[in-house]
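K.L.:
following is a predicted model, sequence given first.
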Amino acid sequence: MIRNNIDTIKIGYRNRRFRWIAGTLLLGMLTLSLCASLVLLGNHKYPIGVIIRVLLGEQIQGASFAIRTLRLPRMLAGLLVGIGFGMAGSTFQTILRNPLASPDIIGITAGSSVGAMFCILVLKTSGTIVSVVAVISGLLVAVLIYMLSKVGSFSGGKLILVGMGIQAMLNALISFLMLRASQYDVPAAYRWLSGSLNGMQMTNIPKLFLVLAIFGVVIILLGRHLKILELGEQSAITLGVRTDLTRLLLVISSVALIAFSTAVTGPISFVAFLAGPIATKLVGAGTPNEFPAGLVGAILVLSADLVGQFAFKTRFPVGVITGILGSPYLLLLLIRMHRTGGSV
């Protein structure tokens, strides 16, 4: 009897492992195909041989500018911020055990947006200063949400409600700044708030890659501990997990990914919210899904950018397309939670 149970457990483990590997490989291939599409497609289509020569460093009139200066930075930025949003969103949802616990729902993304809007509309600055202030304000808002949720007794539901309240306040502050701003500054602010890959430069890519390499690796390494935390505090402690330290490292890493990604592209809505649930459906719920969620985030950003560029006569920022995708899912989630008696 015991032998049969052990064999059943082993078969279940192998099946889950196979599903995770197959799903992740599928997501990886889809991500690579979207990356290639963004480099290949544009106002002028270049032969694949020309594109390869340009990527290898050869100077070809017209093609070098279009590929290296316009398409390649846009593709790399979409890939990196998509992975960052996806991993961070999935981590928050797992830690708080609630699908509503996404950084763009609980106010962290709005915190970065307020800092950026203050720089653009009040200080009249751009570039690096906007990015730095957006990162700092996002981190400060995350700390504020955590501290307010600790008043009395801490719970994940309380943190989500506090975050939603903070987000409403920050959105009102953004609206106030927009109303008080000069009409000449408002278009730039709207472009940033919509979440866009327009104007990406190669100078943005190294810092994005460095942040993702540091904090993304931390999240992946702590993935198994994160799954154990889902079992509950006492079970995790019994299994040898240092719960407070693990949770702190995961939260810091997730907030850093969200803040830096938002600082570069603006708030690309609902990517962090959608990536985790989609990845879980594909690779299963019994294995760490932070890396697959990152790939789903990249797929959402890259595919939305392709749709925004080429599917309509008017070009739309990537955040507009992801917003159209995410809003119905949020409504369906709220309706389902209401019907089942769930709560945040």
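P.N.:
Done, it's in.
K.L.:
what's around residue 151, how many residues?
P.N.:
9 (other C-beta atoms under 10 Å). For the C-beta atoms, the positions are set from N, CA and C on the backbone; glycine is no exception.
K.L.:
quick one: mean pLDDT for the helix or strand where residue 228 lies?
P.N.:
In this structure, residue 228 sits in helix 223-229 according to DSSP states H and E. Across helix 223-229, pLDDT averages out at 77.
K.L.:
and the next helix or strand past the strand or helix carrying residue 78?
P.N.:
Residue 78 belongs to helix 72-96 when assigned by DSSP H and E. Using DSSP H and E, the helix or strand that follows helix 72-96 in sequence is helix 108-118.
K.L.:
tell me the angle of that following helix relative to helix 72-96?
P.N.:
140 degrees (axes from the mean of the first three to the mean of the last three C-alpha atoms, to 10 degrees).
K.L.:
and the contacts of helix 108-118?
P.N.:
With C-beta atoms under 8 Å, 6 or more residues apart in numbering as the test, helix 108-118 has contacts from 103-104, 130-131, 133-142, 145, 163, 166-167, 170-171, 173-174, 177-178, 189, 192-193, 255, 258-259, 262-263, 266-267, 272.
K.L.:
so how far is that helix from its chain's centroid?
P.N.:
Centroid separation for helix 108-118 versus its chain: 15 Å, with C-alpha atoms, centre = their mean, to the nearest Å.
K.L.:
export it to PDB, keeping only CA atoms.
P.N.:
The C-alpha coordinates for helix 108-118 follow below in PDB (Å, rounded to 0.1, in the frame of the first residue of the first chain):
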ATOM      1  CA  ILE A 108       2.800  50.600  -6.400                       C
ATOM      2  CA  THR A 109       2.700  51.300 -10.100                       C
ATOM      3  CA  ALA A 110       0.700  54.500  -9.400                       C
ATOM      4  CA  GLY A 111       3.400  55.500  -6.900                       C
ATOM      5  CA  SER A 112       6.000  55.500  -9.600                       C
ATOM      6  CA  SER A 113       3.600  57.300 -11.900                       C
ATOM      7  CA  VAL A 114       3.100  60.200  -9.400                       C
ATOM      8  CA  GLY A 115       6.900  60.700  -9.200                       C
ATOM      9  CA  ALA A 116       7.300  60.700 -12.900                       C
ATOM     10  CA  MET A 117       4.300  63.100 -13.400                       C
ATOM     11  CA  PHE A 118       5.700  65.500 -10.800                       C
END
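K.L.:
please report how far residue 14 lies from residue 20.
P.N.:
11 Å (C-beta to C-beta, to the nearest Å).
K.L.:
higher neighbour count, these two?
P.N.:
Shown here are residue 14 and residue 20; by other C-beta under 10 Å, residue 20 has more neighbours (19 against 10).
K.L.:
and stretch 333-342, average pLDDT?
P.N.:
On average, stretch 333-342 scores 64.
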